[in-house]
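*Asks:* Predicted model follows, preceded by the sequence.
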Amino acid sequence: MKLGFLGATEGGRIGKWPIIILAGMVIAVVAFLTYINVAFPRVKCEYAKHLKSPDTASDCYACHLKATPKVAQDWYESKHGVMLVKCFVCHGQPDGKGSVPYAVNPDVNTTCRKCHDPSIKKMEKKYGLKLECNSCHPFHQNSIHHKAYVKPVAKRKI
Amino acid sequence: MAIAGLLVHTLKENLQDVERQLDSMPEMTTYGTSEDQYIIVVAEAPSEEMEKRVEKIKKLDGVLTIYTTFVTVEDELEDE
Amino acid sequence: MDITRREFLKYTAASSAFMAIGGPLAFAASKDQTVDHWVKGVCRFCGTGCGVMVGVKNKKVVTVKGDPNNHNAGFLCLKGALMTPIIYAKERITEPLIRKNGKLVPATWDEALNLTASKFKEAIKKYGPTSVAYYGSGQALTEETYLASKIFKAGLKCNNVEGNPRLCMASAVGGYVTTYGKDEPCGSYDDINAATCFFIIGSNTSECHPIIFKKIAARKQADPNVKVIVVDPRKTNTARIADIHVSFKPGTDLAILNAMAYVIIEEELDNYRFHSKYVNFMDNQKNKRTFEDYKKFLEDYTPEKVEKISGVPAETIRKIAKIFAESSATMSLWTMGINQRIRGVWANNLISNLHLLTGHIGKPGATPFSLTGQPNACGGVRDTGGLSHLLPAGRLIKKREHRNEMEELWGLPKDSLNPKPGYHTVALFKALGEGKIKALLILCTNPAQSLPNVNKYRKAMARKDNFIALIECFRDAETVKFADVVFPAAFWCEREGVYGCSERRYSLIGKAIDPPGKCRPTVNILVDLAVRMGVDPKLVPFKNSADVWDEWRKVARPTPYNFWGITRERLRKESGIRWPCPTEDHPGTRIRYVRGEDPNIPKDYKHKYFFYGKPDGKAVIWFRPYKGPAEAPDKDYPFVLTTGRVIDHWHTGTMTMKVPELRRSFPNAYVEINEKDAKKMGIQNGDRVLLETRRDKMVFPARVSDVCRPGLVFVPWFDVNLMINKLTKDAFDPGSKQPEFKICAVRIKKV
């Protein structure tokens, strides 16, 4: 017996189990949405903020803490986090309307050099050209957690 | 079939090693080195596999990073 | 052609890779292909004074990066890194404006200057020189402030010369002068690298002096034995690196500092050798006392007694006092939390007391270091004497010898300077409100938003019987609403001049680009205006700021400020030099008051320390009693309101709001409430909360967190639309005349 739409049997009557499963899914979705609205009051779908009015788009951290928790936590615990080098300083803003060019992977020359030029020049002199700083120095890591300010270890030792 | 032109950037002391290893891989063709730290490589692989192959080279000891300078995907080449 | 398609593609691929290294790789633009040249300068914002390199391409500023050779070693905070869009903001005023029929309309320079000069002349003729005034800024160039001060004091015989450092550093000045006899810190940022204990009080260093915070954190990282103590009723980001964060009832810190002194003596950790030789003990009535008297005075400040006053457990007070004293080199850092207080001078004294008691002074890493808020409050206003009771280089108006010195240096007849100090800032604006000031020149500051209890002074500025001329860059600055004439000034790197930062370092802001439209450098505006006002042209023979600098060097030469060796050429070549610097080959001074470090002390001086500001060479430990805030919380207004800054915005936001990222990061002000208090009042994040003080009321969105201690609320003051200074109180320190922005009583209610 080939099951048709919604598990309809040949007679056209809809089977009992698919309805139960479907109903269960609907309830689950409704329950989830209700939970979201209750557990995070006044925090509606934050993701839409990225696309909405430009003046609200800037609290990257608050939203990304939920959207990309690991990166957000990494940043918070890193030197950049302690020093309040906020997301937009390197990444700009997703609508591209800021003064910093929007980049998921910022360009070392235009971005990192604003503050780290002396170190980059030193590295260039010592080791030749290095394109991606974070092949050895993870941008968002370098935890200061627990032991306030443990000296960082570069991912790779040269 | 995808073809990618790659610039493999290695630590100076590992240059020879990495070049040898690349030569031993059938899908990689080396075209020379430069400045004791760069290897010109062309990789061929079925398009779905290309990323994996590049990642494989990245993990070789002494490889700092890989710059992809050219990529093309050609269906006709499947038959050759 | 024999080549197969496959081979062709492979060769293409290979050659692209060859080209990648044959030609310059994108990264190889360490030749900075996007910039024609770099101009050395100083950041426009806080008193850290980071060196910057301004990148110019096709005569436009395209980027800013840190100066690797200045103390910040190339690092910048997010404000400094994003300065570029401010220069090209559409709100830039590019031509003179005159108010006609209530509206500001464009005018020519002659019209604007002549109108202003005539108003000043008229006021002086009818009501005398005390009916005009100048209100300047710790963000104006040193040369601008020196010149304005000279024009008014020497040219117009008017001592009503004030500046916004009165609102920010006056208590630090008072503290240093009463304790050591001379203003300005005796240490420098170099001490951060040698300190083993940091005592940070009344400062959210991580947001208000970010690169100094970075140095402290790096120091702690380098040596895990370094201790950081943060004393603040708010658990700020600064406290993240603290070993101990001490929260206390706002306004009770004077008691805590005295209690720490009590513990230091009780534990016999005071440096008897140092204080018996180099310290005088003086009580609050200026009588000379003894160390035994000091011990008796401190008996009112046992940790147990102070616990009841401050809410800090006695054990904690003992702990921090011991760490302070036992560390080999302790550095204190403080700023507005200590200065903007009803007894800010006393609070400053009490911090110095701890250093004088323990001998933590004049050694690398050991120093009481006052953090200056603005980029040029030190170099510009404090050092050049741009306040109503000062003359250049630490001289005082009320001292006849000092007046005579200046008369000689300025080529004026003897005893011709006005011997009566002028109004201090709050009194100045009060006098404006009473119709006693008829003409006011404001430079580079925004009093219509920055004065405490600002409604009162906005009314004063709005009076029809006074004339306000404003030198300003941005159309949307609140004070523009009250100006009768606006002069368009060249902004930051559009003209050359000096900034002097917290560590006594004078650095040069280079001219990177020409100013837009009809803007002029302020030095030229002031000279032109002065001559038209009838000031003797011989007093203002300056074509540019370099001319003013040379005169100022001469004027400071006979004093301990002596920076004769900091010539313009040296400033251009180097990245800032710390005064005193008597000769051109002198490298600048890291530590003052110590033989061998301070060039003011002869190399063969018989003692190691010499506090030459005091007649007997000794510093003073003052018996300062605890005094609470002017308006403590009570049953009608049970909360404490404190104001402050956030890292993203500078002061009144006229500049940082022009940077899209910073504007969006904090588009508006908010009230920060402790989560326990919020829960009790049913307030959640984002709720509208009414704040009401005895002066005004305003609704803010709530930000609930654990930063403020219970009973305290915090509001940042950058928002022109939610002007928290309408609620603050203009009570001021009777000694320094600095207002108590940090504490007033407020009640809050959810709406």
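*Replies:* Arrived safely.

*Asks:* How far off centre is stretch C:558-566?
*Replies:* Relative to the chain's own centre, stretch C:558-566 is displaced by 22 Å; criterion: CA atoms, centre = their mean, to the nearest Å.

*Asks:* which other residues reach it?
*Replies:* When contacts are defined by CB atoms under 8 Å, 6 or more residues apart in numbering or on different chains, stretch C:558-566 is touched by residues C:182, C:383, C:393-395, C:405, C:506, C:553-554, C:556-557, C:577, C:579-586, C:588, C:599-600, C:612-613. Any C-beta I mention is one placed from the backbone N, CA and C, and that applies to glycine too.

*Asks:* And it, what's buried?
*Replies:* C:559-566 (16 or more other CB atoms under 10 Å in any protein chain shown).

*Asks:* Among these, which one lies nearest to chain B?
*Replies:* Comparing the buried residues of stretch C:558-566 against chain B with CB to the nearest CB places residue C:566 closest, at 45.6 Å.

*Asks:* buried stuff in the longest helix along chain A?
*Replies:* With DSSP state H applied, the helix covering the greatest number of residues in chain A is identified as helix A:16-39. The neighbour-count criterion (16+ other CB under 10 Å) identifies no buried residues in helix A:16-39.

*Asks:* Which other helices and strands does that helix contact?
*Replies:* Here helix A:16-39 is seen to pack against no other helix or strand when contacts are counted using 3 or more CB pairs under 8 Å, 6 or more residues apart in numbering or on different chains; DSSP states H and E.

*Asks:* Moving C-terminal from that helix, which element do we reach first?
*Replies:* The helix or strand immediately downstream of helix A:16-39 is helix A:60-67, counting by DSSP states H and E.

*Asks:* Which neighbouring elements make contact with that next one?
*Replies:* Helix A:60-67 makes packing contacts with helix A:69-77, helix A:87-91 when contacts are defined by 3+ CB pairs under 8 Å, 6+ apart.

*Asks:* residues from chain B in reach of chain A?
*Replies:* Chain B comes close to chain A at residues B:9, B:11-12, B:35, B:37, B:64-65, B:67, as judged by CB under 8 Å from any CB of the partner chain.

*Asks:* Mind giving me the PyMOL select for these, buried ones only?
*Replies:* In PyMOL, the members of the residues of chain B next to chain A classed as buried (16+ other CB under 10 Å) are selected with the following command:
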select buried, chain B and resi 9+11+37+64+67
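
*Asks:* and the least confident of the residues of chain B next to chain A?
*Replies:* Note: of the residues of chain B next to chain A, the lowest pLDDT belongs to residue B:35, at 75.

*Asks:* That one and residue A:128 touch, don't they?
*Replies:* Yes. A contact is recorded between residue B:35 and residue A:128 when judged using CB atoms under 8 Å, the distance being 7.4 Å.

*Asks:* Now the residue of chain B found nearest chain C. Nearest residue, chain neighbours left out?
*Replies:* Nearest residue of chain B to chain C: residue B:5, at 2.9 Å (CB to the nearest CB). On the basis of CB to CB, 6 or more residues apart in numbering or on different chains, the spatially nearest residue to residue B:5 that is not a chain neighbour turns out to be residue C:13, at 2.9 Å.

*Asks:* try residue C:532
*Replies:* Once its chain neighbours are removed from consideration, residue C:532 has its nearest residue in residue C:117; the separation is 3.6 Å (CB to CB, 6+ apart).

*Asks:* go on, residue B:33?
*Replies:* With sequence-adjacent residues excluded and distances taken as CB to CB, 6+ apart, residue B:33 is closest to residue B:39, at 5.2 Å.

*Asks:* re the thing from before, among the residues of chain B next to chain A, which pair sits farthest apart?
*Replies:* Across those, no pair lies farther apart than B:12 and B:67, at 17.2 Å, counting by CB to CB.

*Asks:* Show me where chain B has its strands.
*Replies:* Remark: strands assigned in chain B by DSSP state E are B:2-10, B:28-34, B:38-45, B:63-73.

*Asks:* Narrow the buried residues of stretch C:558-566 to those in helices?
*Replies:* Filtering the buried residues of stretch C:558-566 for helices - DSSP H - leaves nothing at all.

*Asks:* And those residues, which is closest to residue C:255?
*Replies:* After measuring these against residue C:255 - CB to CB - the closest member comes out as residue C:560, at 33.8 Å.

*Asks:* thinking again about what came up before, selection in PyMOL covering whichever of the contacts of stretch C:558-566 are buried, please.
*Replies:* Here is the PyMOL command that picks out the buried ones among the contacts of stretch C:558-566, judged by 16+ other CB under 10 Å:
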select buried, chain C and resi 182+383+393+394+395+405+506+553+556+577+579+580+581+582+586+588+599+600+612+613
